[in-house]
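Asker: Okay, sequence plus prediction incoming.
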Amino acid sequence: MGLLTPLAVRIGALAWTPRLLPQITWLDRNLDRLSRGRLGLLDLAGLPNTVLTVRGRRSGRPRSTPLLCVPDGADHLVAGSAFGAPSTPAWAHNLRAARTAEIGRTGRRVTVRAEELTGADRDRAWARLCGVWPNFALYQRRTDRVIPVFRLTPVPDA
């Protein structure tokens, strides 16, 4: 965690923040591009993150999304919260369809296998995610859908 993490948590909890998701994503992508993959908004906030690249389920084209990503041993955990929006983010639907993706920053990319967690596995992963980003619990209260949680496991020799 960094010095700006408490500020990021407060901003992430604001009721109007979800309306700014397109602008936040645009700013993050451009910051990533300008820094050649070395810096994103979540880096500035001192939060663990990655860029997930997964093939679009309809287009087949690679789609990249910066995400808060919590390490869990050799694996990583991500949640399709979209700040508690009523619909699941497109990247989560794409990940369900593709089952594999790439994650990474600063030019180092790793192929991962994605598993959507359920039951006790999801509960454990959800607690770990909320420990890093407490707003996940708030986002779950904002929406009627169950926020999907994925375990991303590196694929050996990929």
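Answerer: Now that the structure is in, tell me what you want to look at. Residues are numbered from 1 along each chain as shown.

Asker: Quick check: which ranges of this protein have low pLDDT?
Answerer: 1, 106-107, 158 (pLDDT under 70).

Asker: Tell me where it has helices.
Answerer: Assigned by DSSP state H, the chain shows helices spanning 5-13, 21-34, 41-44, 90-98, 119-132, 135-142.

Asker: can you redo those as a markdown table with mean neighbour count?
Answerer: Every C-beta, even on glycine, is put in place using the N, C-alpha and C of the backbone. Compiled in a markdown table, the helices of the chain are given as follows (neighbours: other C-beta atoms under 10 Å):
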| stretch | mean neighbour count |
| --- | --- |
| helix 5-13 | 15 |
| helix 21-34 | 13 |
| helix 41-44 | 18 |
| helix 90-98 | 19 |
| helix 119-132 | 15 |
| helix 135-142 | 17 |
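
Asker: Count the residues that sit near the closest residue to residue 145 other than its chain neighbours.
Answerer: With sequence-adjacent residues excluded and distances taken as C-beta to C-beta, 6 or more residues apart in numbering, residue 145 is closest to residue 88, at 6.4 Å. By other C-beta atoms under 10 Å, 17 other residues sit near residue 88.

Asker: picking up where we left off before, do you know which of the helices of the chain lies nearest residue 75?
Answerer: Closest to residue 75 of these is helix 119-132 (C-beta to C-beta; 9.4 Å).

Asker: List the buried residues for stretch 104-116?
Answerer: Buried residues in stretch 104-116, counting neighbours by 16 or more other C-beta atoms under 10 Å, are found at 105, 109, 111, 112, 114.

Asker: Run through who's touching that stretch.
Answerer: Residues from elsewhere that reach stretch 104-116 (C-beta atoms under 8 Å, 6 or more residues apart in numbering): 36-38, 40, 49-51, 53-54, 76, 95-96, 98-103, 148-155, 158.

Asker: hmm, try it at 7 Å
Answerer: Stretch 104-116 has contacts (C-beta atoms under 7 Å, 6 or more residues apart in numbering) with 37-38, 50-51, 95-96, 99-103, 148, 150-155, 158.

Asker: same question, stretch 52-72
Answerer: Residues contacting stretch 52-72 (C-beta under 7 Å, 6+ apart): 28-29, 32, 40, 42, 47-51, 76-78, 91, 93-95, 97-98, 101-103, 128-129, 132-133.
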